[in-house]
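Undergrad: sequence first, predicted model second:
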Amino acid sequence: PSRQANPFQHRICHVFSTSEDRDGSMSFEDFLDMLSVFSDSATLDVKSHYAFQIFDFDDDGTLDRKDLEKLVDCLTGEGEEARLSSAEMEQLIGNILEESDIDKDGTINLSEFQHVVSRSPDFASSFKIVL
């Protein structure tokens with residue numbers, strides 16, 4: 001049930017799928033890998049690595065403005081009543097980049113993401129799937 005309610009369910013399946021078709025289908029081994037990452041015993045590095053991959057919607061190795069906008073939409077809901085205005089979205093993304101983009105290249109790479117996550121004490125305990 002928690003996976004079905006998760007706004008990132010398709011990205012989670014995509015990231016953990018080893019299917020050559022990249023269609024999000026998962027083998028039993030893929031499913032076990034996913035459970036391992038979302039378990040309480042997974043390290044912060046492992047959890048943050050996979051979280052970064054899930055949030056990297058275009059799979060280019062960085063979180064850019066488009067990835068961040070999709071991330072915010074997933075977290076706030078994609079309906080028109082839940083969407084942020086263009087100005088609110090721009091302000092929020094600007095704030096995220098200001099806090100996270102250490103090298104000021106306009107994107108967040110994995111090491112910058114892991115740095116931010118390391119300062120969030122609740123990340124590891126909240127990045128899990130409850131069965």
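TA: Perfect, I can see it now. Numbers count the residues shown, from 1 in each chain.
Undergrad: in contact with the nearest residue to Met34 once chain neighbours are set aside, which residues?
TA: Counting by C-beta to C-beta, 6 or more residues apart in numbering, Phe16 is the residue found nearest to Met34 once chain neighbours are left out, at 4.3 Å. For glycine as for every other residue, the C-beta is placed from the backbone atoms N, C-alpha and C. Shown in contact with Phe16 (C-beta atoms under 8 Å, 6 or more residues apart in numbering): Met26, Asp30, Phe31, Asp33, Met34, Val37.
Undergrad: from the chain's centre, how far out is the helix or strand hosting the fifth one? Work that out for me.
TA: Met34 is located in helix 28-37, with elements delineated by DSSP states H and E. In terms of C-alpha atoms, centre = their mean, to the nearest Å, the gap separating the centre of helix 28-37 from the centre of its chain is 17 Å.
Undergrad: ok so, going back, can you read off the pLDDT for the residue nearest to Met34?
TA: As predicted, Phe16 sits at a pLDDT of 95.
Undergrad: returning to what we had before: which of the contacts of Phe16 are buried? Put it as a ChimeraX command.
TA: In ChimeraX, a selection of the buried entries from the contacts of Phe16 looks like this (16 or more other C-beta atoms under 10 Å):
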select :26,30,33,34,37
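Undergrad: could the contacts of Phe16 be laid out in CSV, adding pLDDT and distance to Ala82?
TA: Output for the contacts of Phe16, formatted as CSV (pLDDT from 0 to 100; distance: C-beta to C-beta, whole Å):
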residue, pLDDT, distance to Ala82
Met26, 94, 29
Asp30, 96, 31
Phe31, 94, 31
Asp33, 96, 32
Met34, 95, 27
Val37, 97, 28
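Undergrad: pipe the contacts of Phe16 into TSV and attach distance to Thr107 per row.
TA: Converted to TSV, the contacts of Phe16 look like this (distance: C-beta to C-beta, whole Å):
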residue	distance to Thr107
Met26	29
Asp30	28
Phe31	31
Asp33	27
Met34	26
Val37	24
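Undergrad: who's in contact with Glu20?
TA: Per C-beta under 8 Å, 6+ apart, neighbours of Glu20: none.
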